[in-house]
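In: What shape does this take:
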Amino acid sequence: MAKHFSFSKFPPALIALLIQGCAFVMAAGLCWLLIQITLHFPDLLPLFFPSLGTLLIAQGTFAYFLSIRLKMAHWWRYIHLLFPLAIWAALALQIPTSYFLLGFILTGALFWSVFLTQVPFYPSKPEVWNAVSELLPGKQLRILEIGSGLGNFAIRMAQLRPESCVEGIEIAPLPWLISVIQSKFFASRVRFRLGNYEKVDFANYDLIFAYLSPAAMPELWEKALIEMDGESLLISHEFPVPGIAESQKIRFSSDQRQCFVYQMGQYRPT
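Out: As a prediction, this is how the structure comes out:
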C-alpha cells in the first residue's frame, strides 16, 4: 500500500519557501490572464491591466490560502499574506538594502527556532517559576528547560532550588547568548547550551520544563515517553499534550494560562 505523502515532516521554513514560490507562479499566471483579457478587450484596459501591486497582492493572497491548505501554524498565514506587501512597501519607500540585511540577521538570530520548529519566542512569568519550584519535591533534582529563551526560568529555578542541577537549551543564537550573559551577571550555576532539545537524552533529568507551541507537543510527548523515567515530570506551560490527560494543572490568578503536569509513571504500560 502506498504511503500518504505529508508536508509535516519538512521544516516550516522550507514549506514557506515552497508556498511563496507556488503563489508567485499562480499570481504571475493571473496577471498573464489579465493581460490577455485587455488585449482582446481594449476597453477594459484601465480596469484589468495588472501592475506590480496586483502581482504582489495576488501572491500574498494565494500564499495565505495555500498555508491554510497545508495546515501551517496560524501565524504563518499572516506572514505569507504580508510578505509580498512588505517587499512592495520597501521598494516604494526606497529603503536601503543594508537595513534589510541587518534586520534579517537580528530576526534570524532571535527567531531562528520559529523557522525550524514552529516554536515562537514565549517568555514565562515569575509566578510560573515560583509555582513550579513549590511543586517539586525537596531533594536534589536534575532540571532541564527546553527552549530556554533568555534563561529567566532556569536562572530563577537555580536560585529557588540551589541544591539542584539546572540546565537550559535554546536553538536560537541571540536568546542563548543573552541567557549566557545573564547567568554570568547573576553568578548563576545554570549551564546554557546552544542546540536542539531533540538531541538531548531526557533520561538524564528529573524535570523537563517546556514552553513551546501546540505544533511541538506531539513529538515532545513521544520523546518523553521513550526516554523519561517513571518518577520524572514533564511540565508544559500553556500548551497541553493533545489527547493526553494531565496528572494535574497549575492555575494562575493573573491570566488564563496554566501549567500542565505529567507524572511520567502514570503513562507507562502496566
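In: From here on, just use CA atoms for contacts and neighbour counts.
Out: OK.
In: In the stretch 1-150 of the chain, where is pLDDT below threshold?
Out: Using pLDDT under 70 as the threshold, the predicted model of the stretch 1-150 of the chain has low-confidence ranges 1-13, 42-50, 73, 97, 99-123.
In: May I see the buried residues of stretch 204-214?
Out: Across stretch 204-214, burial judged by 16 or more other CA atoms under 10 Å covers 205-213.
In: Number of residues surrounding L150?
Out: Counted by other CA atoms under 10 Å, the residues lying close to L150 total 26.
In: ok now do it, which residues does it touch?
Out: Listed by CA atoms under 8 Å, 6 or more residues apart in numbering, the contact partners of L150 are 123, 175-176, 178-179, 182.
In: tell me which element the closest residue to T61 other than its chain neighbours falls in.
Out: Across the structure, with CA to CA, 6 or more residues apart in numbering as the measure, the residue nearest T61 apart from its sequence neighbours is L81 (5.7 Å). Here L81 is covered by helix 74-93, with elements defined by DSSP states H and E.
In: what's the offset of that helix from the middle of its chain?
Out: How far helix 74-93 lies from its chain's middle: 19 Å, per CA atoms, centre = their mean, to the nearest Å.
In: rewinding a little: so which of the contacts of L150 are in strands?
Out: Helix and strand membership here follows DSSP state E; of these, not one is in strands.
In: Which ones among these lie within helices?
Out: Using DSSP state H, the subset of those located in helices is 175-176, 178-179, 182.
In: Among those residues, show me the least confident.
Out: Scanning these for pLDDT, the low point is P175. It has 85.
In: How much space separates that one from A203?
Out: 25 Å (CA to CA, to the nearest Å).
In: Same question for N152.
Out: N152 sits 24 Å away from A203, going by CA to CA.
In: Between these two, which is the more surrounded one?
Out: With other CA under 10 Å as the criterion, N152 and A203 differ in neighbour count, and N152 comes out ahead with 18 against 15.
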